[in-house]
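Asks: I'd like to go over a predicted model; first the sequence, then the structure.
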Amino acid sequence: MNTFFHSTRPGTSKTIGKETLELPILYFRDDLFLLFYTADFNKVKALMPSDKLHPVRLPKGRALVGVGAFNYIATSIGPYGEVGMIIPTVHAASPPLKTLPALMEARYPGFGMLVLHLPVTTMPARDAGRALWGYTKFVADMDFKNTPEYMECRLSEKNDHILTLRVEKKGFVLWDNKPLITYSVKDSNLIRTIIPQKSSFRLALAPEGSSLELGDHPAARTIADLDFARKPLISRYYIERSGILPEGSVIEEGVRPLDGYLGEDRIGRHTVSYLE
C-alpha cells in the first residue's frame, strides 16, 4: 500500500444488511470524467435542502450543475460503476459575496458538491451509500467506453435510458491533491464528507466534442428541468485518480429531505470496452 493510503488500515468494520465493509473505503484506481453546465440559478437554489447551502452563482442568473461518471477499477470493495449528478455549492450562514467558477478549486470555505443522484451498479454500494452517508443512490446499468480520444458512459435502468455522457480527452493538465467534499442528507441531517484524493486531470473550457444526452428517466428530468444549457462550460477528464472515502459528519440538523430516486432491488450491469 503506497503512502497515500498510509494509516487507513486497520479500519472500522460496518455491517449493512448482510454485507460487512471496512471504512474508509479505498479507491486505488478509477476512471473519472465529467462535464459542468450552466442552469437557472433560482431553479437550482430551490433544490437545496438547507437555506445555508448556496449554489455557485454565475452572471445572468445562472448556476452550475455537473454530471460525472466513475469507473471504479480497483477498490477495497471491488469494481463497480457510479454516476454523480451534482451541484457545486457553498455552505455558509449567508451567501458569499462572490461565488465565481474559481470556487470549483475548493479553496473557498464551505465549498462542496451537493449530490442530487448517485446511481451505482451494485446493491451493496447502493445500500452502504444510503445507510452511511445518505447518498441518493439507486441501482442502474452502465456501459463505459474508453478510447484514445474520449471517455463515454451510457447510463440506463433496464431499457430506460437515463443519460449518455461523453468527454473528450482534451485540455491542459493539472495536478489535484485537494479533497473532494460532498453534501448529502441523512435522517434530516446535512452530512459533509471530506474525501482525500490524489489525481491529475485535463481541464477544458467550452469543450468541443464533449456532450450530455438526457433521457426521460425521473433522475434525468431532475436536471433537465433546470433550464440546462445546450453546451458544456467545463470538462474534466482524469488521467489518474485515487481516493479515500471516510464517514461523513453532521454539520446541520433539521434540514429538508433529499431522498432522490429509489429504484428497485436488482443487479446492475457494468461493462467497459476499450477501443483503438
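Replies: That came through, no problem.
Asks: So what sits opposite the residue nearest the centre of the chain in the bridge?
Replies: By Cα atoms, centre = their mean, the chain has its centre lying nearest to Gly84, at 3.3 Å. Beta-bridge partners recorded for Gly84 (DSSP bridges): Gly68.
Asks: That one contacts Val115, doesn't it?
Replies: Yes. Judged on Cβ atoms under 8 Å, Gly84 makes contact with Val115 at a distance of 6.2 Å. Any C-beta I mention is one placed from the backbone N, CA and C, and that applies to glycine too.
Asks: wait, what's in contact with the residue nearest to the centre of the chain?
Replies: Going by Cβ atoms under 8 Å, 6 or more residues apart in numbering, Gly84 touches Leu34, Gly66, Val67, Gly68, Ala69, Phe70, Met113, Val115, His117, Leu118.
Asks: correct me, but the fourth one touches Asp31?
Replies: It refers to Gly68. No. Using Cβ under 8 Å, Gly68 is not in contact with Asp31; the gap is 10.7 Å.
Asks: Tell me the helix or strand right after the helix or strand harbouring Tyr37.
Replies: Assigned by DSSP states H and E, Tyr37 belongs to strand 25-40. Per DSSP H and E, the first helix or strand lying C-terminal to strand 25-40 is helix 41-45.
Asks: And that next one, what does it pack against?
Replies: For helix 41-45, the packing partners by 3 or more Cβ pairs under 8 Å, 6 or more residues apart in numbering; DSSP states H and E come out as strand 53-55, strand 62-75.
Asks: Could you export the ones you listed as JSON lines, including mean pLDDT, mean neighbour count and distance to Thr271?
Replies: Output for the helices and strands packed on helix 41-45, formatted as JSON lines (pLDDT from 0 to 100; neighbours: other Cβ atoms under 10 Å; distance: least, Cβ to Cβ, whole Å):
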{"stretch": "strand 53-55", "mean pLDDT": "95", "mean neighbour count": "22", "distance to Thr271": "34"}
{"stretch": "strand 62-75", "mean pLDDT": "96", "mean neighbour count": "22", "distance to Thr271": "10"}
